[in-house]
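Colleague: Kindly return the folded structure for what I paste below:
(chains A and B)
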Amino acid sequence: MSEERITKYAEAVLSVASAENGGAEVEDELFRFARAVEGSDDLRRTLSDSKIPAARRQQIVEDLIGGQATPATTAVISMIVAAGRGGDIHRIADEVVALGAASRAKAVAEVYSVIELTDDQQARLATSLQSATGKEVEIKVIIDESVMGGLLVQIEDEVIDGTVRTRLKQLREAF
Amino acid sequence: MKKRIFLASILGALLLTFGMAGTASASGESVGSCAIEEIEAFEEETGLSLHDLHGGGNEEALETLSDSVEGCIEAPSPIIPEWNEVIWGGGAFLVLLALMMWKGFPAVQKIMNQRSEQIASDLDQADQAKADAQAVKAQYEAELADAKSEASRIIEEARQQAEGLRSDLQARAESDIAEMRNQASVDIEAARDRAMSDLQAEVSDIVVGAAERVVEANLDAKTQAQLIENYINQVGSS
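Modeller: Residues are numbered from 1 along each chain as shown, chains lettered A, B, ... in the order given. I've put the predicted structure just below:
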């Protein structure tokens, strides 16, 4: 799908979220769902399979999300999957987060971690990143066990890597 | 043809000489005819016949007749021929000489000239043939010398080529040997480096694998939280 169409989908999602007065929450839930889909090949294939009826795909989404997300998020994801764009949901989610942060004059900081960060940790990390980069950021935590430990933060094109995986890689290269 | 004419002329001259000589001899100059003439002259002078002389009484007449006949039988001169023979012989000689000068000598001279010309021509041809043979011989010798020179040149050239080829092959072989030696050294060095690298990678895998296992075993929730705190603090202090 073209970037223009991705942007239009993102704008539509943001409009729905804004209408429901849950912009940041929808962004966060959509972002997390998109990361979950990206991490599962079966789920991604299922949601992007045009042979499966749209109603069936929507039912799968609702079964997965259940009551864990707001109705606005569930509606938005169902709309995307029903439109046959389940395979591009991660790109739409990234664009939604980027557009939302931009609307708030902030940059998105994708934080890869093995465990979830507490609100306090996220707040202090945002402050540290702001002081380090000079940008006001919004934290988006992505659970990724491949980092083994520590954090990896990506703000736009800038990467700050403090993971155990990278330390071990450096150790391997040092030999 | 000319030769036959020359032989016919000689034969004719011989016939004229002996034939005319025989005629001259039979014209009354023989002893018999002389005796007959003397007897007839005696009978006319004396009126006596030979039969009358056989009787007696005519001894003087018989003696006269005997003297006349004896005069006929006197031997001719052994040196001076008879005049008629001289005349006939000289005429025959002159005729023969004229014939010879008219036909014989020119024919003989012509034949001799032709023969001389033929001999000269043959000699010239022989000289020419000899000169040609000598020229051919000289040419052959020159060609032989050239062939020997060419053969020597070819042999020398072949020898030089063989020497050059041998030198090239030797140089190439030495170059190949040096290149193979260098390549072998490079290969050995590369194999050694590869082995060292493999060994180092294996050791690295073992060490890092062990480190990973140790780290994973110690990455509990508390450690994870501490790592996050360290990261936040490091980013904030940088």
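
Colleague: Show me the shaky parts of chain B.
Modeller: Counting by pLDDT under 70, chain B has low-confidence residues at B:1-30, B:54-56, B:74-76.

Colleague: Repeat that for chain A.
Modeller: Using pLDDT under 70, chain A drops low at A:1, A:22.

Colleague: how about a cut-off of 80?
Modeller: A:1, A:3, A:20-24, A:66-67, A:105, A:172, A:174-175 (pLDDT under 80).

Colleague: residues from it in reach of chain B?
Modeller: With CB under 8 Å from any CB of the partner chain as the criterion, chain A comes near chain B at residues A:113-115, A:117, A:121, A:124-125, A:127-129, A:131-132, A:148-151, A:153, A:160, A:162, A:164, A:168, A:171-172, A:175. (Glycine included, C-beta is placed from N, CA and C.)

Colleague: how about the strands in chain A?
Modeller: Per DSSP state E, chain A carries strands over the ranges A:107-113, A:137-143, A:150-155, A:158-163.

Colleague: out of those, which comes closest to residue B:222?
Modeller: Between residue B:222 and these, the shortest gap by CB to CB is with strand A:150-155, which sits at 13.9 Å.

Colleague: So which of the strands of chain A is the most surrounded?
Modeller: strand A:107-113 (a mean of 23; mean count of other CB atoms under 10 Å in any protein chain shown).

Colleague: Kindly format the C-alpha coordinates of that one as CSV.
Modeller: What follows is strand A:107-113, C-alpha atoms only, in CSV (Å, rounded to 0.1, in the frame of the first residue of the first chain):
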residue,chain,number,x,y,z
ALA,A,107,8.6,12.8,18.8
VAL,A,108,7.9,9.1,19.2
ALA,A,109,10.4,7.1,21.2
GLU,A,110,10.1,3.4,20.5
VAL,A,111,11.4,1.6,23.5
TYR,A,112,12.3,-2.1,23.1
SER,A,113,12.4,-4.0,26.4
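
Colleague: just checking, what packs against that strand?
Modeller: In this structure, strand A:107-113 makes packing contacts with helix A:89-103, helix A:119-133, strand A:137-143, strand A:150-155, judged by 3 or more CB pairs under 8 Å, 6 or more residues apart in numbering or on different chains; DSSP states H and E.

Colleague: Show me the contact partners of the third one.
Modeller: It refers to strand A:137-143. A:28, A:31, A:35, A:97, A:100-101, A:104, A:106-117, A:122, A:125-126, A:129-130, A:155 (CB atoms under 8 Å, 6 or more residues apart in numbering or on different chains).

Colleague: That strand pairs with which strands, and in what direction?
Modeller: As defined by DSSP bridges, the strand partners of strand A:137-143 come to strand A:107-113 (parallel).

Colleague: what residue lies at the spatial centre of chain A?
Modeller: residue A:31 (2.6 Å; CA atoms, centre = their mean).

Colleague: quick one: contacts for that residue?
Modeller: A:93-94, A:96-97, A:140.

Colleague: just residue A:93 next, same as before
Modeller: A:27, A:30-31, A:33-35.

Colleague: Filter the residues you listed down to the buried ones.
Modeller: Burial by neighbour count, 16 or more other CB atoms under 10 Å in any protein chain shown: within the contacts of residue A:93 this picks out A:27, A:30-31, A:33-35.

Colleague: Those: which two are farthest apart?
Modeller: Across these (CB to CB), the longest gap, 12.6 Å, separates A:27 and A:35.

Colleague: which residues in chain B form strands?
Modeller: According to DSSP E, chain B contains no strands.

Colleague: List, one by one, the residues from it near chain A.
Modeller: B:200-201, B:203-205, B:207-208, B:211-212, B:215-216, B:219, B:221, B:223-225, B:227-236, B:238.

Colleague: From these, which land in helices?
Modeller: Residues of these located in helices (DSSP state H): B:200-201, B:203-205, B:207-208, B:211-212, B:215-216, B:221, B:223-225, B:227-236.

Colleague: Which ChimeraX command selects the buried ones in the residues you listed?
Modeller: Burial among those is assessed by 16+ other CB under 10 Å; the matching ChimeraX selection reads:
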select /B:204,208,212,215,224,227,228,231,232,235
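
Colleague: neighbours of residue A:60, just the number please.
Modeller: 17 (other CB atoms under 10 Å in any protein chain shown).

Colleague: Then residue B:45?
Modeller: Neighbours around residue B:45, by other CB under 10 Å: 11.

Colleague: ok, it to chain A distance?
Modeller: 193 Å (CB to the nearest CB, to the nearest Å).

Colleague: mind listing what that residue touches?
Modeller: Counting by CB under 8 Å, 6+ apart, residue B:45 has no contacts.

Colleague: which of the residues of chain A next to chain B are buried?
Modeller: By 16+ other CB under 10 Å, these give A:113-115, A:117, A:121, A:124-125, A:128-129, A:132, A:148-151, A:153, A:160, A:162, A:164, A:168, A:172 as buried.

Colleague: Nearest to residue B:108, out of the helices and strands packed on strand A:107-113?
Modeller: helix A:89-103 (143.7 Å).

Colleague: neighbours around residue 81, how many?
Modeller: I'll assume chain A. Neighbour tally, residue A:81, other CB under 10 Å: 25.

Colleague: nope, chain B please
Modeller: Neighbours of residue B:81 using other CB under 10 Å come to 14.
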